[in-house]
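**Student:** need the 3D shape of this:
(chains A, B and C)
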Amino acid sequence: MNRKVTTSSSVLFDVPGPKAVARTRLFNILSVFAILALLGYIGYVMHRQGQLEADKWTSLFSGNLWANYILPGLWNTLKAALISVVTSVAFGVFFGMARLSPLAPVRWFGTIVVEFFRAVPVLIMMIFFWLFLGKFSVFSPQQLPFIAVVLGLTLYNGSVIAELLRSGVHQLPKGQGEAGLAIGLTPWKVLTSILMPQAMTAMMPSLLSQFVVILKDTALGYIISYPEVLASARRFGSGEGNILQMLLLAALLFIVINFALTLLAERLSKFMSSRSNVEIKHADGVPGEVDDPRPKTEMMFKIPKA
Amino acid sequence: MSFSEQLSTLFAKYNVIDAFWTNVQLTFWAAIGAFVLGSILALMRISPVPSLRAAGTAYVHLVRNTPLTILMTLAILGVWTQFQLSLSSNFETNFFLYAIIVLAIYHAAFVCEAIRSGVNTVPTGQAEAARAIGLGFMPTARYVIFPQALRGSITPLGNTLIALAKNTTVATVASVAEASGMMKSMIEFNSDLVFMIFFVFAMGFVVIVVPIGLLTTWASRKLAVKR
Amino acid sequence: MFNNITSKIAKATSVAAVATLALTGCGSSTSADGDTIRIGIKYDQPGLGYQDGRDYTGFDTDVARYVANELGYDEDHIEWVESPSANRENMLKNGQVDMIFATYSISESRLKTVDFAGPYFTAGQDLLVQKDNTDITGPDTLDGKNLCSVTGSTSAKKVQDKYASSVQLVQQNSYSDCVVALNAGMVDAVTTDDIILAGLASTKANKGELKVVGNTFTEERYGVGLPKGTDKCEAINKAINKMVETGAWEEALTKNVGESGFKYNRELNPPKLDSACATAPAK
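**Tutor:** Predicted structure coming up:
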């Protein structure tokens, strides 16, 4: 009759029939009520605790908050993240190549460095550099937390990027390197001008999701008094007595920025696979760690987009 | 005092093993929680019900993009203080449980994505065959897809476990006495030994993390589905 | 659009370059260039040292301003530097600040690496409770109660070891977080130096909600942290004495922490200083 014909991209289930549609509708209505009830309860509790008082929220829109706390804090967050991105990529390219080097000692050195810094929590590294570098007068106290944040982020994320590039190179067809050698390039030339650029392209989406990790981890900086957005939001909140509201604001800011970055990563991965022969690795949502090349399967079934 | 004496008195005063044991326990329980919750989320994201898929997607995006420190602080300052929700009358246990729950909630998003990427490695024919013999969505997912998907997602799951083991340091924000907090106060009061202290704690994490990595690599080879 | 991105990347790279330049630039300057004085304060301690918009407020900050003024530096020639607790000694030792006013108690172990002028205030560990609380009157009434302090602080442990063995301890990131838990009734008291508690109780949101118990059980003499071997103690002590005599000291206290109804310990305050640097407290 007038049942809509939808083309399901999933092989896991049929297009739902009238009964299933009715059941789903009932379920949706019930869950909307459940969610509303939960929100209502949260609102009630917050009201009881005085967290809904107007002046705890109106200061979120005050010029003082944005001009003197949030925007400088955001700038510090982005500054640390951007510089860490640059230094991590440099670190990653360097040690990624070290791990691919034909010289065994260089390879071992690269392996030890990369494996060590991948295993140590970023927070531990930040605390260490902050307190360790404070013993010397090389860095001014205002820059010290910043340096510690960037060093911690660089060593960890640089190691992850090194691994990304290495596995990217390993996933390239063997013929690429062989062809380079056949036309008389040195192994070094083959690596730098044939393999690395392709690995970079193939790994671009994973690289971008690693940048999300960098941005998120700058928030650890507040533990070592780096005035990034979380720290400055908390500072404002401790004077105004609305820390909770400030934490929510900081969370929202991070979600918006990271969501934009993730979207960019997905777009980029589509865009690049449409115009390059290199197989673009899908950003698979487990940032922070590197996947070994998985067995290639011919057919993959599509997951329906929500 | 000589250097080695200083070190031994220091490590006699602070129970480093205890602190690391806390991190190991956090990792263990949060891993179980994250795996269960993550599997449910993965199921939601491939289910026939659009609202479940939307809810799963929203969860993953929201949680994945929020720094863990903020989630941890919100759990304590928001949930514990405002909703007066005590999980135990003993404070230590209470915060320990809170830390486990937050770690599980956070890493469930990554487990979900890991399993989803594992689902992608299962050939379409498998699902088609299951459907052809008349299995519905749940039986297909449960008996055919998931067992294969899990074996295909061991590497990303292992990586998530490694990330979780390291992220237990953030539990220091939730008033849990674990390794990173102890390291901080040790260095503050013994700043001349800063390098050694850092090295001990760093090696502690290497000892925890590297075996997980090796085990993952071994398991992913051993359990790989032959195609 | 791509031009835009490229220019942004160029900007970011130039920021990196500037940062590197700045790093190499400031390693060599070990003392103030005569024009400005660099003073270390807390930025996150309402009532003592707090960054309020573009301004810095608090009792520590006001004393620092007064002293700097007496030493010949007006407001425009003061450079405020954030000095978190963990880094105070290092900053003085490395000559990165000229003096520190940051709830910095004079102690024997600290005197090994730094000198102190002052003290400009004698605080004591105390408890902060809700306004209508009457059953907590001191540390020995805390048995079975919940007590909050910050991570890494030893003050709560001291209460547990010495006064109330069955007290439950919570460690939060900052005292402001403790106050959130206190306001919600999840902890019964917050402990640290009385003046810090008074500063917290004086903020706009907590005014009239919280009170400092007023039964101090330690003695913390807040000194002016100076590099070891300084010759400034005499001048600074003179300035502090003058601040007390003119009433500016009292005024600064009232302005910054008075809203809480806090009464400082009159036996130990205000200070009357001679010209020498501070020595270790008597045991």
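**Student:** next one: the residue of the stretch 201-306 of chain A found nearest chain C from A:Arg234, what distance?
**Tutor:** When scored by Cβ to the nearest Cβ, the stretch 201-306 of chain A has A:Gly241 as its residue closest to chain C, at 2.1 Å. Placement of C-beta: from N, CA and C, glycine included. According to Cβ to Cβ, to the nearest Å, A:Gly241 stands 12 Å off from A:Arg234.
**Student:** compare these two (neighbour count), which wins?
**Tutor:** Set A:Gly241 next to A:Arg234 and count neighbours by other Cβ atoms under 10 Å in any protein chain shown: A:Gly241 wins out with 25 against 22.
**Student:** shaky segments in chain B?
**Tutor:** For chain B, the stretches flagged by pLDDT under 70 are B:1, B:226-227.
**Student:** interface residues of it facing chain C?
**Tutor:** B:73, B:76-77, B:80-82, B:84, B:86, B:90-91, B:95, B:172-173, B:175, B:177, B:181, B:184-185, B:187-188, B:191 (Cβ under 8 Å from any Cβ of the partner chain).
**Student:** just the buried residues of those residues.
**Tutor:** B:73, B:76-77, B:80-82, B:91, B:95, B:172-173, B:175, B:177, B:181, B:184-185, B:187-188, B:191 (16 or more other Cβ atoms under 10 Å in any protein chain shown).
**Student:** mind checking how far the residue nearest the centre of chain B is from A:Val106?
**Tutor:** Closest residue to the average C-alpha location of chain B: B:Leu164 at 3.2 Å, with Cα atoms, centre = their mean. Look at B:Leu164 and A:Val106: by Cβ to Cβ, they are 32 Å apart.
**Student:** what is the burial count for the nearest residue to the residue of the stretch 201-306 of chain A closest to chain C once chain neighbours are set aside?
**Tutor:** Using Cβ to Cβ, 6 or more residues apart in numbering or on different chains and skipping the chain neighbours, the partner closest in space to A:Gly241 is C:Ala205 (2.1 Å). When neighbours are defined as other Cβ under 10 Å, C:Ala205 has 22 of them.
**Student:** output the below-cut-off pLDDT ranges for the stretch 151-300 of chain A.
**Tutor:** A:276-300.
**Student:** get me the contact residues on the stretch 51-200 of chain C for chain B.
**Tutor:** Close to chain B, as judged by Cβ under 8 Å from any Cβ, the stretch 51-200 of chain C has residues C:85-86, C:89-90, C:146, C:151-152, C:168-173, C:177, C:180-181, C:184-186.
**Student:** among those, which ones are in strands?
**Tutor:** Using DSSP state E, the members of those that fall in strands are C:146, C:168-172.
**Student:** returning to what we had before: which of the buried ones among the residues of chain B next to chain C are close to chain A?
**Tutor:** By Cβ under 8 Å from any Cβ, the members of those lying near chain A are B:73, B:77, B:82, B:172-173, B:184, B:187-188, B:191.
**Student:** out of the residues you listed, which comes closest to A:Leu261?
**Tutor:** B:Thr73 (22.7 Å; Cβ to Cβ).
**Student:** contacts only, for the nearest residue to the residue nearest to the centre of chain B once chain neighbours are set aside.
**Tutor:** The shortest distance from B:Leu164 to any non-neighbouring residue, by Cβ to Cβ, 6+ apart, is to B:His107 (4.9 Å). By Cβ atoms under 8 Å, 6 or more residues apart in numbering or on different chains, the residues touching B:His107 are B:30-31, B:34, B:38, B:160, B:163-164, B:167.
**Student:** so which of those wins on neighbours?
**Tutor:** B:Thr160 leads these on contacts (other Cβ under 10 Å) with 30 neighbours.
**Student:** in the stretch 151-283 of chain C, which residue sits nearest chain A?
**Tutor:** C:Ala205 (2.1 Å).
**Student:** now that residue: phi and psi?
**Tutor:** Backbone dihedrals for C:Ala205, given as degrees, to the nearest 10, come out at phi -70, psi -30.
**Student:** correct me, but it touches A:Ser238?
**Tutor:** No. C:Ala205 is not in contact with A:Ser238 according to Cβ atoms under 8 Å; the separation is 9.6 Å.
**Student:** C:Thr134: what secondary structure?
**Tutor:** Of the three states, C:Thr134 takes coil according to DSSP: H, G, I helix; E, B strand; the rest coil.
**Student:** per-residue pLDDT, it?
**Tutor:** Listed pLDDT for C:Thr134 reads 90.
**Student:** do the one 4 residues further on as well
**Tutor:** Per-residue pLDDT puts C:Gly138 at 90.
**Student:** please name the residues that touch it.
**Tutor:** Contacts of C:Gly138 (Cβ under 8 Å, 6+ apart): C:127, C:163, C:213, C:215, C:217.
**Student:** restricted to strands, list those residues.
**Tutor:** Going by DSSP E, the strands hold C:Leu127 from the contacts of C:Gly138.
**Student:** columns neighbour count on top of the contacts of C:Gly138, output as CSV?
**Tutor:** Compiled in CSV, the contacts of C:Gly138 are given as follows (neighbours: other Cβ atoms under 10 Å in any protein chain shown):
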residue, neighbour count
C:Leu127, 28
C:Tyr163, 15
C:Val213, 19
C:Asn215, 16
C:Phe217, 16
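**Student:** can you give me the helices in the stretch 51-200 of chain C?
**Tutor:** C:59-70, C:88-93, C:108-111, C:155-162, C:175-183, C:194-201 (DSSP state H, counting those that start in this stretch).
**Student:** CSV for those helices, including mean pLDDT, mean neighbour count and distance to A:Phe211?
**Tutor:** Output for those, formatted as CSV (pLDDT from 0 to 100; neighbours: other Cβ atoms under 10 Å in any protein chain shown; distance: least, Cβ to Cβ, whole Å):
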stretch, mean pLDDT, mean neighbour count, distance to A:Phe211
helix C:59-70, 95, 23, 39
helix C:88-93, 88, 22, 32
helix C:108-111, 89, 14, 42
helix C:155-162, 87, 16, 40
helix C:175-183, 92, 25, 30
helix C:194-201, 94, 29, 38
